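Student: I'll drop the sequence and a predicted model, then ask my questions.
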Amino acid sequence: MNGASNKGLVARGIAKSFAHKVLHEVGIEVAPGELLAITGPSGAGKTTLARILAGLERPDAGSVSLGGRDLAGVPPGQRRVALMFESYALYPHLTVRGNALSPLQAPGGRLDPVAANLRVDEVLELLEIKHLGERLPGALSGGQKQRVALARLLVQAPDLYMLDEPISHLDAKLRHKLRGEIRRRLSAQSAPTIWLTPDGMEALSVGDRVVVLDQGRVEQVGTPEEIWLKPASARVAKLLGDPPMNLIDGSLLREGDTLYFTRRAMRLALPPALAAAALGATSDALILGVRPEVIAFTATDAPGAVSAEIYSNEPFGKHVIVTLDLGALLVKAKTSMATASALGEGEDEGIGREIGITIPGEGLVLFDGATGRALSGN
Ligand SMILES: Nc1ncnc2c1ncn2[C@@H]1O[C@H](COP(=O)(O)OP(=O)(O)OP(=O)(O)O)[C@@H](O)[C@H]1O
């Protein structure tokens with residue numbers, strides 16, 4: 001990143017151990033006005049990293065600066081970080097309005113009462129909780145409490161916004177609406193924003209850039225498009241998509257001038273770019289990444305078809321997830337209702353039926369079977 005990002009948040013070499021090492025020399029940069037989404041499975045170290053950036057936890061090594069100011073030794077209250085934690089941490093004795101107003105009444109955040117109330121009104125309205133203004137947190141649902149915590153964050157004008165799973169307890173419709181609204185609002189601010197979520201697809205939809213953290217290490221940093229199209233490792237691929245990319249273990253077979261990916265009876269001629277990539281593998285062991293959307297159904301005896309047995313057939317509104325048994329390997333295909341219903345009539349929905357599937361050469365990703373890293377040329 002260029003020097004401009006030094007005005008934002010810069011964390012370098014952050015390490016932390018509890019009983020085991022939780023963060024291994026993690027570095028991130030977030031430019032002013034940029035939204036960096038950090039995603040990773042449960043236990044990846046997201047919250048620990050956030051707590052270190054906020055000054056609530058001391059790192060074993062590494063540095064953090066914000067707006068060019070080194071934060072070593074700066075207590076949490078003086079870091080000018082607006083934090084929203086997953087646990088909400090609402091004041092139980094204050095109403096919804098009181099909670100949302102609280103940062104504007106604190107030393108350093110004090111705002112003229114009329115201006116403060118106007119700002120709070122606007123945010124409560126945005127979050128659809130204005131009508132709950134006089135309620136105490138004890139009389140709110142989980143999703144309502146989460147929006148109060150969000151309101152308390154959004155009224156502030158800090159040097160860094162940090163949101164830990166900010167919309168996880170909202171219903172799908174509200175989550176969809178607020179994801180866009182909050183993103184738009186935060187992007188209009190000059191402060192950098194960090195948005196933590198275990199939901200990889202949420203990270204891709206909100207982040208200007210996305211960091212994938214796994215087992216305390218940065219697996220990949222990139223734009224949502226880069227991470228979606230070119231996952232750096234099988235671990236990253238596993239975290240993204242609904243359902244995620246299928247990862248098929250197999251090996252490389254050379255026959256004449258053609259390179260094949262093979263697994264049992266499955267044999268797939270690799271298109272030139274993937275063939276070139278496959279040659280970079282540390283051994284003949286490969287992992288083929290296939291998005292559920294690209295798998296097509298055909299007759300078992302169609303040229304190039306791989307035979308599979310239908311294991312399950314689950315409708316999800318507009319699309320259907322068909323799970324296929326390729327012989328000691330389950331693979332998921334995402335298809336339309338019409339295609340899925342053609343697979344089998346009646347109560348059994350085709351379950352147990354033998355069919356053919358085809359995997360096109362496009363849109364595939366190859367990973368090194370030994371290291372799990374993506375092979376270049378993808
Ligand atoms: N105070 C602590 N004492 C001991 N271990 C801790 C402490 N805080 C976190 N850990 C451990 O550090 C690891 C990372 O936890 P962390 O909460 O940072 O992960 P996370 O990515 O935020 O997970 P989640 O999505 O489940 O919140 C876990 O193994 C956790 O048990």
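Tutor: Nice, thanks for sending it over. Numbering: from 1, shown residues only.

Student: what about the lengthiest helix in the chain, average pLDDT?
Tutor: In terms of residue count, the longest helix belonging to the chain (DSSP state H) is helix 172-187. Regarding helix 172-187, the rounded mean pLDDT is 90.

Student: Can you give the distance of whichever helix or strand comes after that helix from its chain's centre?
Tutor: Counting by DSSP states H and E, the next helix or strand C-terminal to helix 172-187 is strand 193-197. The chain centre lies 10 Å from the centre of strand 193-197; the measure is C-alpha atoms, centre = their mean, to the nearest Å.

Student: ranges for the helices of the stretch 1-150 of the chain?
Tutor: Counting by DSSP state H, counting those that start in this stretch, the stretch 1-150 of the chain has helices at residues 46-54, 96-105, 113-126, 142-154.

Student: got those as a markdown table, with mean pLDDT columns?
Tutor: What follows is these, written out as a markdown table (pLDDT from 0 to 100):
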| stretch | mean pLDDT |
| --- | --- |
| helix 46-54 | 95 |
| helix 96-105 | 93 |
| helix 113-126 | 92 |
| helix 142-154 | 94 |
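
Student: of all the ones you listed, which lies closest to the ligand?
Tutor: The ligand lies closest to helix 46-54 among the helices of the stretch 1-150 of the chain, at 3.3 Å (C-beta to the nearest ligand atom). Heads up, the C-betas are built off the backbone N, CA and C, glycines and all.

Student: May I have the closest one as PDB, with CA atoms only?
Tutor: Extracted C-alpha coordinates of helix 46-54, given in PDB (Å, rounded to 0.1, in the frame of the first residue of the first chain):
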ATOM      1  CA  LYS A  46     -10.600 -11.800  14.600                       C
ATOM      2  CA  THR A  47     -11.800 -10.500  18.000                       C
ATOM      3  CA  THR A  48      -8.400 -10.800  19.500                       C
ATOM      4  CA  LEU A  49      -7.000  -8.600  16.700                       C
ATOM      5  CA  ALA A  50      -9.800  -6.100  17.200                       C
ATOM      6  CA  ARG A  51      -9.200  -5.900  20.900                       C
ATOM      7  CA  ILE A  52      -5.500  -5.300  20.400                       C
ATOM      8  CA  LEU A  53      -6.300  -2.500  17.900                       C
ATOM      9  CA  ALA A  54      -8.700  -0.900  20.400                       C
END
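
Student: who does it touch, helix- and strand-wise?
Tutor: strand 9-17, strand 21-30, strand 35-39, strand 61-66, strand 81-84, strand 160-164, strand 193-197 (3 or more C-beta pairs under 8 Å, 6 or more residues apart in numbering; DSSP states H and E).

Student: Try it again at 10 Å.
Tutor: Helices and strands touching helix 46-54, by 3 or more C-beta pairs under 10 Å, 6 or more residues apart in numbering; DSSP states H and E, are strand 9-17, strand 21-30, strand 35-39, strand 61-66, strand 81-84, strand 160-164, strand 193-197, strand 209-214.
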